[in-house]
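# pasting the structure only:
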């Protein structure tokens with residue numbers, strides 16, 4: 001039950017596409033036609049993972065024993081009313097730790113799973129192709145997507161972006177994970193924060209292996225600084241603030 005609720009879920013509830021309110025006749029073998037069906041498929045994909053061990057983590061011990069001191073110099077302090085509670089931070093770190101451990105443990109299993117025919121993973125060095133892949137051509141080109149009137153047609157994920165499925169991110173080596181994290185951090189510096197971007201940033205952070213490469217250390221500090229700048233411009237009640245706080249929290253407090 002714990003696995004179904006949190007483990008392997010690379011799209012935390014703070015960064016939702018929508019509630020998975022599906023009919024009883026949902027068939028996971030049929031290509032998904034809606035974002036809700038796609039999310040359900042992510043959950044089914046995770047549930048098929050064999051021999052998952054859920055780490056028992058005591059949030060009370062995180063501050064003393066499990067926090068790596070990552071310098072966040074340059075981060076803009078949270079405006080009054082924007083900062084999350086310590087309890088919230090500890091809960092997020094504990095959940096993230098469980099997800100990250102299971103991603104790492106089952107990486108070899110997921111990289112062997114067959115991808116859908118429409119999934120074409122870009123070359124590591126192709127920054128623009130990765131931005132289109134993760135965020136979708138609609139967002140990349142800032143264009144409107146035509147909604148098909150044919151219920152039998154699947155959603156065009158090339159247009160709206162591919163979610164960070166385990167079968168996709170497990171195929172990415174550490175150099176690629178770091179590169180894509182850099183590409184999306186660059187995007188955040190010039191564009192607005194969106195749920196699609198948030199899901200990918202969370203997933204890529206979960207895929208980083210310890211010990212971090214020096215360039216990865218520098219990069220995640222840059223990401224946290226960028227998130228703090230975006231947060232300062234948002235209304236404190238905006239959903240984006242919680243998502244931005246989550247990323248800043250993970251960079252600043254997360255350890256093994």
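Cool, the structure landed. All values derive from a computational prediction rather than experimental measurement.
# Below-threshold pLDDT in the stretch 101-250 of the chain: ranges please.
In the predicted model of the stretch 101-250 of the chain, residues 144-154 satisfy pLDDT under 70.
# Now do the SS call for the closest residue to residue 181 other than its chain neighbours.
Using C-beta to C-beta, 6 or more residues apart in numbering and skipping residues adjacent in sequence, the residue nearest residue 181 is residue 204, 4.6 Å away. For glycine as for every other residue, the C-beta is placed from the backbone atoms N, C-alpha and C. Under DSSP: H, G, I helix; E, B strand; the rest coil, residue 204 falls in the helix class.
# So residue 204 sits against residue 177, correct?
Yes: proximity of residue 204 to residue 177 meets the contact threshold set by C-beta atoms under 8 Å, at 5.5 Å.
# gap between the residue nearest to residue 181 and residue 111?
Distance, residue 204 to residue 111, using C-beta to C-beta, to the nearest Å: 16 Å.
# Compare the two (neighbour count), which wins?
Applying other C-beta atoms under 10 Å to residue 204 and residue 111 shows that residue 204 carries more neighbours, namely 27 against 15.
# which SS class is residue 209?
Put simply, residue 209 is coil when judged by three-state DSSP.
# Now do the contacts for the residue nearest to residue 161 when sequence neighbours are not counted.
Once flanking residues are discounted, residue 161 sits nearest to residue 136: 3.2 Å by C-beta to C-beta, 6+ apart. Each residue near residue 136 by C-beta atoms under 8 Å, 6 or more residues apart in numbering is listed here: 157, 158, 159, 160, 161, 196.
# Mind doing that once more with 10 Å?
Listed by C-beta atoms under 10 Å, 6 or more residues apart in numbering, the contact set of residue 136 reads 145, 156, 157, 158, 159, 160, 161, 162, 194, 196.
# secondary structure element for the fourth one?
Assigned by DSSP states H and E, residue 158 belongs to helix 157-160.
# and the next element down the chain from that helix?
Following helix 157-160 in sequence, per DSSP H and E, is helix 166-169.
# need the helices for the protein, in chain order.
For the chain, the helices defined by DSSP state H cover 2-5, 35-47, 59-65, 86-105, 107-111, 127-135, 137-141, 157-160, 166-169, 174-190, 195-207, 214-232, 239-253.
# So for residue 118, which of those sits nearest?
Of all these, helix 157-160 sits nearest to residue 118, with 6.5 Å by C-beta to C-beta.
# Thanks a lot, catch you later.
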